[in-house]
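*Asks:* Structure here, sequence nowhere to be found:
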């Protein structure tokens, strides 16, 4: 599809928006760029727009009118009143992923979920690349889809991390293989209800066709529900042990009313071994990324890789050489016997629960940031059992404190440098300081990556205590 001559507006001037502007200019569209921030505060936007001859206008209700096409960056809410008015007047409103869809060559693996998207996307790309397949990775991580078009090829694979923000605006975008890892409470400040959030992620499967493959988590009720919203074939994975599954009565119903049981699963863990299509792949102990939740990510990735034609041996060999993604349970340093881990990507309660589960205890947990309308009460018992203290930072600190009261010692430090200083001063050899905030970063930092980078910089500046201490214990 070409938008030559169309009056278009691109909303949001971060990476996705700038890539959309470039694509539309190449297609001959009349493009106007807009953002809530002034142009001088948008990194890299000014020089690019000047080079392309694209005018910039500060975002207002008026700028949305009189357009043939409006393209939204992922961080722009799709239900803004001016957008609803534009739709009513016949303007087509789509996201950056939908803009790219007709021009993306090759086959696509789309990966969504509340937690584990980035790790699984990176892992699938790594497995395919190690097997010698032409592959590129992008979407919600790294490269916007609109910037992947020139490098896409008919015989290649596009492995895309896809957020709810990106998926809520797709119409024709289609993945040949779609993965749903899990769906738990997140982004309620944007989607307003959990049902709308889950429905946005489910769009990935609604646009799939017969012959495509949906890879779904059998232990997640929302993912199970996606089976009835897709025309694709469905394969199931579960990180639960086969013995547990065999003893359990099927409680979920999959595609076309099919009852879920271990016999339906394509990938699962059995007696410490990862099993794919009824054949062992590798010992769970050989998976180099920490945490039980990452076993599920590997299982999902293995199904996708097998569908791309890879053998069990090639999948196992690639998994063994995979390294943890930055800001995801990333070991930073041991100082005087105290381990420091950066899980800045834990921007939801469920992500923080998974981080806590990866450690045996003796934790100093840094929580807080910008609240996304989440309920932190689920952290009460895990913190009571594993944490020496919760160190609270950012604008969500008071809400978290109120919901955790009485279960764990809480220290209101407000900033990440104070959190590190207090934890390091009080921690004993064998303890772990864990940044797993359960919140967005935008009150104190530009993005979660910025928060993680600051955390690592501060940790690397710590001076060892005068007396040598033994090494701490890492996650199990």
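*Replies:* Ah, there it is. For clarity, every value in this text was computed on a predicted model and none was experimentally measured. Numbering: from 1, shown residues only.
*Asks:* Please enumerate the strands of the stretch 51-200 of the chain.
*Replies:* 56-58, 69-72, 92-95, 107-112, 135-139, 157-161, 177-180 (DSSP state E, counting those that start in this stretch).
*Asks:* JSON lines for these, including mean neighbour count, distance to residue 436 and mean pLDDT?
*Replies:* In short, each C-beta sits where N, CA and C put it, glycine included. Formatted as JSON lines, those follow (neighbours: other CB atoms under 10 Å; distance: least, CB to CB, whole Å; pLDDT from 0 to 100):
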{"stretch": "strand 56-58", "mean neighbour count": "14", "distance to residue 436": "37", "mean pLDDT": "97"}
{"stretch": "strand 69-72", "mean neighbour count": "25", "distance to residue 436": "30", "mean pLDDT": "97"}
{"stretch": "strand 92-95", "mean neighbour count": "21", "distance to residue 436": "29", "mean pLDDT": "96"}
{"stretch": "strand 107-112", "mean neighbour count": "27", "distance to residue 436": "21", "mean pLDDT": "98"}
{"stretch": "strand 135-139", "mean neighbour count": "23", "distance to residue 436": "24", "mean pLDDT": "97"}
{"stretch": "strand 157-161", "mean neighbour count": "27", "distance to residue 436": "20", "mean pLDDT": "98"}
{"stretch": "strand 177-180", "mean neighbour count": "28", "distance to residue 436": "23", "mean pLDDT": "98"}
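*Asks:* Find the centremost residue of the chain, please.
*Replies:* In the chain, the C-alpha nearest the mean C-alpha coordinate belongs to residue 117, at 4.0 Å (CA atoms, centre = their mean).
*Asks:* so that residue sits right up against residue 110, yeah?
*Replies:* No: with contact defined as CB atoms under 8 Å, residue 117 does not reach residue 110; the gap is 10.1 Å.
*Asks:* Give me the common contacts of the two.
*Replies:* By the contact definition CB atoms under 8 Å, 6 or more residues apart in numbering, residue 117 and residue 110 are jointly contacted by residue 162.
*Asks:* Against which helices or strands is the longest helix seen in the chain packed?
*Replies:* Across the chain, the longest stretch assigned as helix under DSSP state H is helix 292-307. Packing partners of helix 292-307 (3 or more CB pairs under 8 Å, 6 or more residues apart in numbering; DSSP states H and E): helix 117-130, strand 177-180, strand 213-217, strand 233-241, strand 265-270, strand 273-276, helix 312-320, helix 349-357.
*Asks:* List the contacts of the residue nearest to the centre of the chain.
*Replies:* 111, 140-141, 161-163, 181.
*Asks:* what's the spacing between it and residue 60?
*Replies:* 33 Å (CB to CB, to the nearest Å).
*Asks:* Please apply the same query to residue 125.
*Replies:* In terms of CB to CB, residue 125 sits 40 Å off from residue 60.
*Asks:* same question, residue 215
*Replies:* For residue 215 relative to residue 60 (CB to CB), the value is 43 Å.
*Asks:* Residue 364 too?
*Replies:* With CB to CB as the criterion, residue 364 and residue 60 are 46 Å apart.
*Asks:* neighbour-wise, which of these two wins?
*Replies:* For residue 364 and residue 60, the more surrounded residue by other CB atoms under 10 Å is residue 364, and the numbers stand at 25 against 10.
*Asks:* So what does that one look like in phi/psi?
*Replies:* Backbone torsions for residue 364, taken as degrees, to the nearest 10, come to phi -110, psi 110.
*Asks:* Just confirm residue 21 contacts residue 34, I think it does.
*Replies:* No: in this structure, residue 21 is not within contact of residue 34 by CB under 8 Å, at 10.6 Å.
*Asks:* So between those two, which is more surrounded?
*Replies:* residue 21 (25 against 20).
*Asks:* Pull up the per-residue confidence for the more buried one.
*Replies:* For residue 21, the model assigns a pLDDT of 98.
*Asks:* could you say which helix or strand contains it?
*Replies:* helix 15-26 (DSSP states H and E).
*Asks:* For that helix, which helices and strands make contact with it?
*Replies:* strand 7-11, strand 30-35, helix 45-52, strand 69-72, helix 96-100.
*Asks:* now those in TSV, with distance to residue 17?
*Replies:* Output for these, formatted as TSV (distance: least, CB to CB, whole Å):
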stretch	distance to residue 17
strand 7-11	5
strand 30-35	7
helix 45-52	8
strand 69-72	8
helix 96-100	7
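*Asks:* What sits closest to residue 350 if chain neighbours are left out?
*Replies:* Excluding its sequence neighbours, the residue lying closest to residue 350 (CB to CB, 6 or more residues apart in numbering) is residue 184, at 3.8 Å.
*Asks:* quick one: that neighbour and residue 354 touch, right?
*Replies:* No: taking contacts as CB under 8 Å, residue 184 lies outside contact range of residue 354: 9.6 Å.
*Asks:* Find the residues that touch each one of these two.
*Replies:* Common neighbours of residue 184 and residue 354 (CB under 8 Å, 6+ apart) are residue 115.
*Asks:* Mind listing what's buried along stretch 385-403?
*Replies:* The neighbour-count criterion (16 or more other CB atoms under 10 Å) identifies 386-397, 399-401 as the buried residues of stretch 385-403.
*Asks:* Find the pair from those with maximum spatial separation.
*Replies:* In terms of CB to CB, those reach their longest pairwise distance at 386 and 395, which sit 25.2 Å apart.
*Asks:* can you list the weak-confidence ranges in the stretch 251-400 of the chain?
*Replies:* Counting by pLDDT under 70, the stretch 251-400 of the chain contains low-confidence residues at 251-263.
*Asks:* Wait, residue 233 touches residue 211, no?
*Replies:* Yes: counting by CB under 8 Å, residue 233 touches residue 211, with 7.2 Å between them.
*Asks:* between these two, who's got more neighbours?
*Replies:* residue 233 (14 against 9).
*Asks:* On the pLDDT front, check residue 43 for me.
*Replies:* Reported pLDDT for residue 43: 88.
*Asks:* residues near it, how many?
*Replies:* 10.
*Asks:* Kindly report the same for residue 130.
*Replies:* 19.
*Asks:* tell me the contacts of it?
*Replies:* By CB under 8 Å, 6+ apart, the residues touching residue 130 are 314, 317-318, 321.
*Asks:* who wins for neighbours among the residues you listed?
*Replies:* Going by other CB under 10 Å, residue 318 tops those with 21 neighbours.
*Asks:* Correct me if wrong: it contacts residue 126.
*Replies:* Yes: applying CB under 8 Å as the test, residue 318 and residue 126 come out as touching, 5.8 Å apart.
*Asks:* what's around residue 420, how many residues?
*Replies:* When neighbours are defined as other CB under 10 Å, residue 420 has 23 of them.
*Asks:* got it, and residue 312?
*Replies:* With other CB under 10 Å as criterion, residue 312 counts 18.
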